[in-house]
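Asker: for reference, the sequence and a predicted model appear below.
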Amino acid sequence: MNQPAPPSKLFREEAKTGSVQCLACGAPITLRGFAGVEQVTCAFCGTAHQPEPEGPLHIIQQASRQRQPSALPLYQRGTLDIGGSGPVEWEIVGLTWREMAKDGTRYPWQEFLLFNPYQGFRWLIYSMSDGVWSVGGPLPGAAKMVANVWPSVEYKGESYKHHTSGVARTTYVEGEFPWQVFAGDNVSTNDYVCPPKQISIEMQRTKQGADLNFTQMWPIRAAEVWAAFRMTGSPPAERGLHPAAPNPAAGNTRFYLLSAAALIIVWVLATIVYSGARTNKSVWKGNLAPDNVVSEEITIGEPGKPTTLELELQASGMNNSWAYAEVLLVNPETEEATVIGVEAEYYSGVDGGESWSEGANPGHQTIGGIVGGKYLMQINSQIDPGGDPADMLTLSIREDVPLYRYVLVPLIFISLFPLANLIRRAAFEKKRWAESDHAPVESDD
Amino acid sequence: MGQAGGMSMGEQQTFCPECGAPIQFRGTTVSAVCEYCNSTVVRTGVDVRLIGKVSALTDNGSPILLHSKGQFGGVPFMVDGRLQVQYERGIWNEWFLSFADGTIGWLADAQGQFAIVRPINPALVADRVPHFGQLEPGKVLLITDRQAVVVDARGASYRGAEGVLPFEALPGMTFFGADLRGYEGEFITLDWGNDPNHQRPTPYLGRAVSLAEIKLFPLRRFEGWAPAQPPR
């Protein structure tokens, strides 16, 4: 088919930038927005003009303020990848200063309106109070309000927690805008974060009705802004934390948890191997009587090699009472003595209709570092005459038993790293929310 | 008079009653603007009628051009017309799209934001939405089981047009419309026409788009900016 597409006379020519004069102070005004603008504000005196369709300007708000230097100059260009949509060249065609008051303190920031004729408008925001930068643009949809204990919004399956609300007041305007903006305008704003993303909801009420805007923002490093806009020198220092700054510890949590899980598997296997390799061999077993001291020569383990001993004291027929045995091991060569005590106790009763019991019978005691060889052993025992004393005491001694501190210490060590990560992560979140409307009330107030 | 010889079914060659230049109506389009004298011509049956000179279209810096081509949802389309609309806070463009499958759509172009919407069955919203006067930004409506937030509701007037349009757009005629955004990124337009006092607006459903994503080409050239490259 022969497609009839006669060339239209309209708009086939290249769109031109414009050059006019401020109607109030005569300063030159460049028009960089290709007639897509509703307002141009003289950078020098602040007078706001509306470009008429056929060319001339007319004043919509006269002003005579002084020009103030902003962090980035009007008409500067830079290449930024905003929200992962690829690198795009942007020009700063307009800028505003706005501020919010909270607890008697003013928090001012500068907003740079970025323009690309094929991409539309985006914003770059510089927080003057803490040197932190954001970049973003219109949200291609609406965020859903969720009435929780902690207010939040949802967008495309992600939950954004409320951070800050307030009234943003415009204090300074320069350049072109596709809508009207004046010094003195008030907009109510609500910021919600889902790091590293932020959604800002702004509602402005004017004579012409209400305006509702959803904006998606991301944190951006000052150095990245400086490099993108080819600014000389170094950017103002970043002294604060962006509300949507990614938690640096959060990125490692997965690694730490996976590592800990892997190490715990190794630990379980090592524990099985270690416990399985122990002989648990009985060294001595016998009944004790309090008035009878056992005195014997015994052999423990292999000569010269350290081993572990476990004592178990079983007190038969005992209630609300205790029994105690003390084993004295004397090395006949060095005459060094080791004393190991083991106690069995058991208490029970009924209190307020509920029966209870506590204590351990049999009682256990484990000790490590006993060098194998011959020992003189002496066992003393005691029985508490109160309560319902034991009818009989049985002591058994086994060697080469698993020592639980060998087992537990690595477990503590393994859990230390994920724990430290969680603590770091929580500390960062505390800092994030300390600047929000949800900061915990300080106790010293 | 129509001279359909050598043309496809949907196309009809007529001549401007004002200057005699050829005018192409396509598909079900009703109104066309003569590219030579800017007269608006309306198709009534087999005849055409002149409805007068349109106030000139304003150059509002749009990168979109009449007869640009693109695709949306895998279906190619052509930009066949533009309706320029004005309200208190500015001017925006509604570009009339003819899709290759015979359907139509609109590409909204306002303040550098773009969205493509396509008509949906009016019965789906009839009497289920409020009167225009009851709308205000922030209000949530249920449109075909989707929750959507009113972001803009305004009366606006037709300012100018180019190309062809599916209805008769008289310059200066006021109509009432609302834009809504959905929680899944939907973009919805409700058009009450020139009477706001009813509950049967014409609904359009779509989503926000970027020009790169819809592969729109050619695009206008801008002084000081590298021209847009043809889509790959």
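Answerer: Everything's here; your move. Numbering: from 1, shown residues only, chains lettered A, B, ... in the order given.
Asker: rest of the way, CA atoms for contacts and neighbours
Answerer: Will do.
Asker: which strands and helices lie in contact with the longest helix belonging to chain A?
Answerer: Across chain A, the longest stretch assigned as helix under DSSP state H is helix A:404-434. For helix A:404-434, the contact count by 3 or more C-alpha pairs under 8 Å, 6 or more residues apart in numbering or on different chains; DSSP states H and E identifies helix A:250-276 as packing neighbours.
Asker: packing partners of the helix it packs on?
Answerer: Against helix A:250-276 (3+ C-alpha pairs under 8 Å, 6+ apart) you get helix A:404-434.
Asker: quick one: mean pLDDT for the helix it packs on?
Answerer: Throughout helix A:404-434, pLDDT has a mean value of 90.
Asker: check stretch B:188-200 too.
Answerer: 93.
Asker: does that stretch reach chain A?
Answerer: No. Stretch B:188-200 lies apart from chain A when judged by C-alpha under 8 Å from any C-alpha of the partner chain; the minimum separation is 10.1 Å.
Asker: quick one: distance of the longest strand along chain A to the chain centre.
Answerer: Ranked by residue count under DSSP state E, the longest strand found in chain A is strand A:158-177. Strand A:158-177 has its average C-alpha position 25 Å from the chain's average C-alpha position, going by C-alpha atoms, centre = their mean, to the nearest Å.
Asker: then stretch A:31-48?
Answerer: With C-alpha atoms, centre = their mean, you get 43 Å for stretch A:31-48.
Asker: does any part of it sit near chain B?
Answerer: Yes. Shown here: stretch A:31-48 in contact with chain B (C-alpha under 8 Å from any C-alpha) through A:33, A:34, A:35, A:36, A:37, A:38.
Asker: tell me which two of these sit farthest apart.
Answerer: Set against one another by C-alpha to C-alpha, the residues of stretch A:31-48 next to chain B have their most distant pair in A:34 and A:38, with a gap of 10.8 Å.
Asker: between those two, tell me which one has more neighbours.
Answerer: residue A:38 (22 against 18; other C-alpha atoms under 10 Å in any protein chain shown).
Asker: how near is residue A:330 to chain B?
Answerer: 80 Å (C-alpha to the nearest C-alpha, to the nearest Å).
Asker: residue A:376 too?
Answerer: 82 Å.
Asker: low pLDDT regions in chain B?
Answerer: Along chain B, segments meeting pLDDT under 70 span B:1-12, B:45-56.
Asker: buried set for the biggest strand by length in it?
Answerer: Determined from DSSP E, the single longest strand within chain B is strand B:146-165. Across strand B:146-165, burial judged by 16 or more other C-alpha atoms under 10 Å in any protein chain shown covers B:147-165.
Asker: partners of it in the sheet?
Answerer: strand B:31-33 (antiparallel), strand B:75-87 (antiparallel), strand B:140-143 (antiparallel), strand B:174-182 (antiparallel) (DSSP bridges).
Asker: ok now the longest one, how far from the chain's centre?
Answerer: Relative to the centre of its chain, strand B:75-87 is centred 4 Å away, using C-alpha atoms, centre = their mean.
Asker: got the CA coordinates for that strand in CSV?
Answerer: Taking Å, rounded to 0.1, in the frame of the first residue of the first chain, the C-alpha atoms of strand B:75-87 are listed here in CSV:
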residue,chain,number,x,y,z
VAL,B,75,0.9,-3.6,18.1
PRO,B,76,2.3,-1.0,15.8
PHE,B,77,0.4,2.4,15.6
MET,B,78,0.6,5.6,13.8
VAL,B,79,0.1,9.1,15.2
ASP,B,80,-2.8,10.3,13.0
GLY,B,81,-4.0,13.4,14.8
ARG,B,82,-3.5,15.8,17.7
LEU,B,83,-6.0,17.6,19.8
GLN,B,84,-4.5,20.4,21.8
VAL,B,85,-6.3,21.2,25.0
GLN,B,86,-6.1,24.2,27.3
TYR,B,87,-7.0,24.6,30.9
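Asker: what's in contact with it?
Answerer: Strand B:75-87 is touched from outside by B:57-58, B:65-71, B:91-101, B:154-165, with contacts defined as C-alpha atoms under 8 Å, 6 or more residues apart in numbering or on different chains.
Asker: again with the first one
Answerer: With C-alpha under 8 Å, 6+ apart as the contact definition, strand B:31-33 has outside contacts at B:23-25, B:39-43, B:161-169.
Asker: which PyMOL command selects the buried ones in those?
Answerer: The following PyMOL line selects those of the contacts of strand B:31-33 that are buried, judged by 16+ other C-alpha under 10 Å:
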select buried, chain B and resi 23+24+25+39+40+41+42+43+161+162+163+164+165+166+168+169
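Asker: ok, which of the strands paired with strand B:146-165 comes nearest residue B:218?
Answerer: strand B:75-87 (10.6 Å).
Asker: so how far is chain B from the nearest residue to residue A:98 once chain neighbours are set aside?
Answerer: Nearest non-adjacent residue to residue A:98, counting by C-alpha to C-alpha, 6 or more residues apart in numbering or on different chains: residue A:170, 4.2 Å away. Distance, residue A:170 to chain B, using C-alpha to the nearest C-alpha: 19 Å.
Asker: surely residue A:170 is in contact with residue A:97?
Answerer: Yes. Between residue A:170 and residue A:97 there is a contact under C-alpha atoms under 8 Å: 5.9 Å.
Asker: domains of chain B?
Answerer: B:11-53, B:64-209 (automatic domain parsing).
Asker: so can I have TSV of the ones you listed showing distance to residue A:65?
Answerer: Shown next, in TSV, are these (distance: least, C-alpha to C-alpha, whole Å):
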stretch	distance to residue A:65
domain B:11-53	44
domain B:64-209	25
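Asker: and of these, who's closest to residue A:391?
Answerer: domain B:64-209 (77.0 Å).
Asker: that closest one: how far from the chain's middle?
Answerer: 7 Å.
Asker: now the end-to-end length of that domain.
Answerer: 13 Å (C-alpha to C-alpha, to the nearest Å).
Asker: check stretch A:320-337 too.
Answerer: End-to-end distance for stretch A:320-337, by C-alpha to C-alpha: 33 Å.
Asker: chain B contacts on the stretch 151-300 of chain A?
Answerer: Neighbours of chain B within the stretch 151-300 of chain A, by C-alpha under 8 Å from any C-alpha: A:154, A:155, A:156, A:178, A:179, A:180, A:208, A:210, A:211, A:212, A:213.
Asker: count the residues that sit near the last one.
Answerer: Here the number of neighbours of residue A:213 (other C-alpha under 10 Å) works out to 19.
Asker: what do you get for the fourth one?
Answerer: When neighbours are counted by other C-alpha under 10 Å, residue A:178 registers 23.
Asker: ok now do it, which residues does it touch?
Answerer: Applying C-alpha under 8 Å, 6+ apart, the residues near residue A:178 are A:36, A:37, A:38, A:39, B:111.
Asker: farthest-separated two in those residues?
Answerer: Across the contacts of residue A:178, no pair lies farther apart than A:39 and B:111, at 12.1 Å, counting by C-alpha to C-alpha.
Asker: ok so, going back, hey, which of the strands paired with strand B:146-165 is tucked in deepest?
Answerer: Across the strands paired with strand B:146-165, the average number of neighbours (mean count of other C-alpha atoms under 10 Å in any protein chain shown) peaks for strand B:31-33, which reaches a mean of 29.
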